[in-house]
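[1] 3D, please:
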Amino acid sequence: MEKLTHTEEETMQAVWRTGEANVKAFMENMDEPAPYTTVASIVKNLEKKGYLSSRLVGNAYLYKPAVTEEEYKKKFMHTVVKEYFDSSYKELVNFFVEQKKLSAKELKEIINLIEGGKTK
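    Residues are numbered from 1 along each chain as shown. Okay, here's the model as predicted:
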């Protein structure tokens, strides 16, 4: 699975939100879509990379994800942790704590998840 560019990731997020649809429908689920021809080109590239599959309906193509959002996150979060945090999820969490991006309450919720409990 090839890493996507920022623009490709934004497009894939719109695809995951939309489900099977045409390019115009994906554009409706993008915050600031590029012009139609640009988005259509990105969609075609995503299909070539194996992230999307398509089928012809009438004279239009419908596209759907060939890779789930969870699969993508899992693959690339593992890479981030490996490359930037020496394969340590503890270091990843510590980074967010030090950057004040993770509160004590959120950390307790994470601990509850790890221990098999439920969060509020």
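
[2] every contact and neighbour count from this point should use C-alpha atoms.
    Fine.

[3] mind listing what the residue nearest the centre of the chain touches?
    Centroid-nearest residue in the chain: residue 69, 5.0 Å away (criterion: C-alpha atoms, centre = their mean). Contact analysis of residue 69 by C-alpha atoms under 8 Å, 6 or more residues apart in numbering lists 13, 16.

[4] residue ranges with poor pLDDT in this protein?
    Applying pLDDT under 70 to the chain picks out residues 117-120.

[5] where along it do the helices fall?
    Using DSSP state H, the helices of the chain run over residues 6-18, 23-28, 36-48, 69-84, 89-98, 104-114.

[6] the second one packs against which elements?
    Spelled out, that is helix 23-28. Contact partners of helix 23-28 among helices and strands, from 3 or more C-alpha pairs under 8 Å, 6 or more residues apart in numbering; DSSP states H and E: helix 6-18, helix 36-48.

[7] next: the first one.
    With contacts defined as 3+ C-alpha pairs under 8 Å, 6+ apart, the secondary structure elements packing on helix 6-18 are helix 23-28, helix 36-48, strand 60-65.
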